[in-house]
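In: Quick check, what structure comes out for this input:
(chains A, B and C)
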Amino acid sequence: MPELPEAETIVEGLRGPVVGRSFSLVQVLREDLLNTSADNFSQALSGGSIAKIFRRGKNVVLRIEIESGSRPNALLLVVNLGMSGRLLHQAHADRSNPPSHPGVLFYLDDRSLLVYHDVRRFGRLTLMTPTFYRTWSRAMGPEPLSPSFTEWDLIRTLTRSRSPIRSWLLDQKRVAGVGNIYANEALWRAGIHPKRPAQKVTPEEGRRLHRSLRKVLRAAIAARGTTLRDYRTAEGWEGGYASELSVYSRQGSPCKQCGNTIEKLSFGGRSAFFCPTCQPPPRESARDTSAFR
DNA sequence: CGTGCCCCCTGTCAGC
DNA sequence: TGCTGACAGGGGGCAC
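Out: Presented below is the predicted three-dimensional model:
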């Protein structure tokens, strides 16, 4: 659900309200969301202050500094929102409208409240030491919006995999932050069929995919993300990108480019959406490859 | 090792 | 109206 643009929107919404604040009380209602016990979690964070907030892939990351003796000790709180996670900030706890599925309540020193809310509980809140965080982050692919992520980086790594390009894009070890919505949207813009094997994507298509990915992600951030159902910004608002989607969940509707009907298929356990005209299916190549054996 | 499948969990919606 | 099954933005584990 929340992919890169949604996590980015949440980070932008939280930065002003929470950076510089400290935790007066951390209350865990759903221990299964954590990588440690509820007691450890709240004890480790209580009294700590939020030094910064940023995004890595689809994760919202808070850097927490804890005074212990002379030198401040740091921890990173990595929030993966799974399919239905929300991070909501309330200036004053709204007792008339309590969250339906609260998981963790972070009471801040200005009497405001940060709530982690998650209906399906696929989300995870992971506390990491700075060393562990570095290792974890290094195992993840590059940030697609980083200036250092070049089209050549994308083209070069594509050639190493036989996975369908849509599945390839979903793998966080390849590129960080892309989920099913934006993978499908970017492939449509680039004119590449979702089932095309990654290594068969030509350099010219790779160039288009690089540009499409960045364009789609930036446009979605500008619209504050895509709300299909659960996603909300930190303020509790819906994102506005759903109305700008070109293929995702638009099966049966006309392609915005050519007017033909958008189709849906399923592989790798999830749906793919594409225009059969703008994104011609890969040629069956089983016979071709066997000819070279 | 890379890849694909199943599962985690709850809510919603289509079809009967 | 109510039941059942399919499906939903993610990702970890496991078998091949």
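
In: average pLDDT for stretch A:238-255?
Out: Average pLDDT, stretch A:238-255: 97.

In: try stretch A:171-189
Out: Mean per-residue pLDDT for stretch A:171-189: 98.

In: Quote the end-to-end distance of it.
Out: Terminal residues of stretch A:171-189 lie 20 Å apart, using C-alpha to C-alpha, to the nearest Å.

In: I'd like to know how far the residue of chain A found nearest DNA strand B sits from residue A:171.
Out: Taking C-beta to the nearest atom of the strand, DNA strand B has its nearest neighbour within chain A at residue A:120, 3.3 Å off. In short, each C-beta sits where N, CA and C put it, glycine included. For residue A:120, the distance to residue A:171 (C-beta to C-beta, to the nearest Å) stands at 22 Å.

In: and the strand or helix carrying residue A:219, anywhere near DNA strand C?
Out: Assigned by DSSP states H and E, residue A:219 falls within helix A:203-222. No: judged by C-beta under 7 Å from any atom of the strand, helix A:203-222 stays clear of DNA strand C, getting no closer than 10.8 Å.

In: Please apply the same query to stretch A:85-95.
Out: No: Stretch A:85-95 stays clear of DNA strand C (C-beta under 7 Å from any atom of the strand), getting no nearer than 8.8 Å.

In: avg pLDDT for the helix holding residue A:219?
Out: The model assigns helix A:203-222 a mean pLDDT of 98.

In: Buried ones in that helix, by neighbour count?
Out: For helix A:203-222, a neighbour-count test (16 or more other C-beta atoms under 10 Å) marks A:205-206, A:208-210, A:212-214, A:216-217, A:220-221 as buried.

In: how about the one residue in the stretch 51-200 of chain A that gets nearest to DNA strand C, phi and psi?
Out: At 2.0 Å from DNA strand C, residue A:179 is the closest residue in the stretch 51-200 of chain A, using C-beta to the nearest atom of the strand. Here is the backbone geometry of residue A:179 (degrees, to the nearest 10): phi -120, psi -170.

In: pretty sure it contacts residue A:5?
Out: No: with contact defined as C-beta atoms under 8 Å, residue A:179 does not reach residue A:5; the gap is 9.5 Å.

In: These two: which has the busier surroundings?
Out: Shown here are residue A:179 and residue A:5; by other C-beta atoms under 10 Å, residue A:5 has more neighbours (29 against 21).

In: How about the residues of chain A by DNA strand B?
Out: A:83, A:100-101, A:119-122, A:161-164, A:167, A:229, A:267-269.

In: Where helices are concerned, which of those count?
Out: In this view, those that belong to helices under DSSP state H are residue A:167.

In: still on that earlier bit, between the buried residues of helix A:203-222, which is closest to DNA strand C?
Out: Of all the buried residues of helix A:203-222, residue A:220 has the smallest distance to DNA strand C: 10.8 Å, by C-beta to the nearest atom of the strand.

In: What sits closest to the closest one if chain neighbours are left out?
Out: Spatial nearest neighbour of residue A:220, chain neighbours left out: residue A:5 (3.6 Å); criterion: C-beta to C-beta, 6 or more residues apart in numbering.

In: Next up, the contacts around that neighbour.
Out: A:182, A:217, A:220-221, A:223, A:225-226, A:239, A:241 (C-beta atoms under 8 Å, 6 or more residues apart in numbering).

In: just checking, residue A:121 touches residue A:103?
Out: Yes: under the criterion of C-beta under 8 Å, residue A:121 makes contact with residue A:103 at 7.0 Å.

In: Show the backbone phi and psi for the residue nearest to residue A:220.
Out: Per-residue torsions, residue A:5: phi -60, psi -30 (degrees, to the nearest 10).

In: Next one: it from residue A:205, what distance?
Out: For residue A:5, the distance to residue A:205 - C-beta to C-beta - is 23 Å.

In: for DNA strand C, what are the nearby residues on chain A?
Out: Neighbours of DNA strand C within chain A, by C-beta under 7 Å from any atom of the strand: A:1-3, A:6, A:57-59, A:80, A:82-84, A:120, A:122, A:170, A:172, A:179-181, A:226-231, A:266, A:269-271.
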